[in-house]
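A.B. asks: Fold the following, please.
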Amino acid sequence: MQDATQANPTPALDSRAILSIGEAAEYLGVSRRFIELEVQRGHLAVVRLSTRCLRIRRSALETYLTARTATA
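C.D. replies: Numbering: from 1, shown residues only. All right, here's what the predicted structure looks like:
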């Protein structure tokens, strides 16, 4: 029987400092397309590794969420 760390070899999203577009979408619970649109609109900062390879810092996601958190 495998232990829990061997069953899922990738680190938890919460512990990673930089995420792919898909991982960022999963982290926020939205679609990849939503993330892509927010990047195009300039609402979400990205790290551009090449013309097609984008990554998003988890801290940028936290900043994004903080800026859009409404108080009731």
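
A.B. asks: Identify all contacting residues around the lengthiest strand in the chain.
C.D. replies: Criterion DSSP state E: the longest strand present in the chain is strand 54-57. With Cβ atoms under 8 Å, 6 or more residues apart in numbering as the test, strand 54-57 has contacts from 17-21, 24, 35, 39, 44-49. (C-beta placed from N, C-alpha, C; glycine too.)

A.B. asks: 6 Å - rerun?
C.D. replies: The contact list for strand 54-57, computed with Cβ atoms under 6 Å, 6 or more residues apart in numbering, reads 18-19, 21, 24, 46-48.

A.B. asks: what's the burial count for residue 44?
C.D. replies: Other residues near residue 44 number 19, with proximity taken as other Cβ atoms under 10 Å.

A.B. asks: Quick check: the gap between it and residue 24.
C.D. replies: 8 Å (Cβ to Cβ, to the nearest Å).

A.B. asks: what's the closest non-adjacent residue to the most centrally placed residue in the chain?
C.D. replies: Residue closest to the average C-alpha location in the chain (Cα atoms, centre = their mean): residue 24, at 1.9 Å. Leaving aside its chain neighbours, residue 24 sits nearest to residue 56 (4.5 Å; criterion: Cβ to Cβ, 6 or more residues apart in numbering).

A.B. asks: quick one: pLDDT of the one you found?
C.D. replies: With respect to pLDDT, residue 56 scores 97.

A.B. asks: Specify the beta-bridge partners of it.
C.D. replies: Residue 56 has the following beta-bridge partners by DSSP bridges: residue 19.

A.B. asks: Would you mind giving the contacts of strand 54-57 as JSON lines with pLDDT, distance to residue 68 and secondary structure added?
C.D. replies: Shown next, in JSON lines, are the contacts of strand 54-57 (pLDDT from 0 to 100; distance: Cβ to Cβ, whole Å; DSSP: H, G, I helix; E, B strand; the rest coil):
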{"residue": "18", "pLDDT": "95", "distance to residue 68": "21", "secondary structure": "strand"}
{"residue": "19", "pLDDT": "96", "distance to residue 68": "18", "secondary structure": "strand"}
{"residue": "21", "pLDDT": "95", "distance to residue 68": "18", "secondary structure": "helix"}
{"residue": "24", "pLDDT": "96", "distance to residue 68": "14", "secondary structure": "helix"}
{"residue": "46", "pLDDT": "94", "distance to residue 68": "17", "secondary structure": "coil"}
{"residue": "47", "pLDDT": "94", "distance to residue 68": "21", "secondary structure": "strand"}
{"residue": "48", "pLDDT": "93", "distance to residue 68": "23", "secondary structure": "strand"}
